[in-house]
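K.L.:
Sharing a model prediction with you, sequence too.
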Amino acid sequence: MLEHLNPAAAAPRRVVIIGAGGFVGGSIRARLESDGVATLALTRKEVDLLQAGAAAKLAGLLRPGDAVVLVSAVAPAKTVSVLMDNLRMAQAVCDAVAGLELSHLLYISSDAVYADDQNPVTEFSYCAPSTLHGMMHAARELMLKSATTAPIAFLRPTLVYGASDPHGGYGPNRFRRQAEKGEPITIFGEGEERRDHILVDDVAALAALILRHRSRGALNAVTGVSTSFHEIARMVASQAGGRVEVKSVPRPGPRPHLLHRFFDITQCHQAFPGFRFTPLAEGLAQSLRRK
């Protein structure tokens, strides 16, 4: 859950976004800049967190009183090598912020930190990741907490989609690309797994709210609505004008043991009562228009 340290929402003096060149980081940057918030956008070009001397270089760019958003990651972390790269990146950030009086730190984590056997998932669910990707985010959260005395917030998005996504993972992002090319939209088996998906713009909006309220604690960036991949594929096909078919293909492996995942978003409603998530059909339509 979140605790707001600002009695009234106020723009931070400056927000430093580490990983501003990525899909989520770029959206957070755009949102803050559109809100008139002073930002320092750092990409790999300015600071490569895997290079020697990265911590010192980053420390030289930070000022006392900055709010820092850490988004930078090599994702998804599916191998031990990638896991270790991500931990080294986090170590550079930890070394850079140690001893610096930050006003706030926001880490963009993942719902993968939660145990698979919990349904519905809430911010009070215990963290017991079953994947290297989840372990990476859980470890980074602990590393950051140990590195600074500044208030820390963890924003844990579920599956994120949007027009500028570079990965094209199974789900809305891949389905949209297939439809744009006029190819069949392929689903594994019957596409019966149900998952929550969140538009990247909503993740950015929640990040902006957390920064303005100088919140600390954890918040899941989830809509509270889980939809089957079959239904999502049908939505995309319909929005593409019915020019493409939805085709079932054999699964590349066994059916996921976690067939459905649901979230309780009570804490989000309590933290930000006026916030409205973008419905999936509306978000898909926006993504198609922005292609």
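P.N.:
It's in.
K.L.:
partners of the nearest residue to P252 once chain neighbours are set aside in the sheet?
P.N.:
Setting aside the residues directly before and after it, P252 is nearest to F188 in space (Cβ to Cβ, 6 or more residues apart in numbering), at 7.3 Å. Quick note: C-beta positions are derived from backbone N, CA and C, even for glycine. With DSSP bridges applied, the residues forming beta bridges to F188 are V249.
K.L.:
neighbours of F188, just the number please.
P.N.:
Summarising burial for F188: neighbours were counted as other Cβ atoms under 10 Å, giving 18.
K.L.:
For the spatially closest residue to A59 that is not a sequence neighbour, give me its contacts.
P.N.:
What sits nearest to A59 in space, not counting adjacent residues and going by Cβ to Cβ, 6+ apart, is A96, at 4.2 Å. Shown here is A96, whose contacts under the criterion Cβ atoms under 8 Å, 6 or more residues apart in numbering are 54-56, 58-59, 62.
K.L.:
Tell me which helix or strand A96 sits in.
P.N.:
helix 80-97 (DSSP states H and E).
K.L.:
Show me what secondary structure element comes after that helix.
P.N.:
Secondary structure here is assigned by DSSP H and E; on that basis, the next helix or strand after helix 80-97 toward the C-terminus is strand 104-108.
K.L.:
Show me what the helix or strand of the chain with the lowest mean pLDDT is packed up against.
P.N.:
Among the helices and strands of the chain, helix 280-289 carries the lowest confidence by mean pLDDT, DSSP states H and E, at a mean of 86. In this structure, helix 280-289 makes packing contacts with strand 159-161, helix 172-180, strand 194-199, helix 200-213, helix 229-239, judged by 3 or more Cβ pairs under 8 Å, 6 or more residues apart in numbering; DSSP states H and E.
K.L.:
Look up the closest residue to the most far-flung residue of the chain relative to its centre, ignoring the ones flanking it.
P.N.:
Distance from the C-alpha centroid of the chain, by Cα atoms, centre = their mean, peaks at R243 (31.5 Å). Here the nearest residue to R243 in space, its sequence neighbours aside, is G182; by Cβ to Cβ, 6+ apart that works out to 6.4 Å.
K.L.:
Does that neighbour touch G242 like I think?
P.N.:
No - with contact taken as Cβ atoms under 8 Å, G182 and G242 are classed as non-touching, separated by 11.9 Å.
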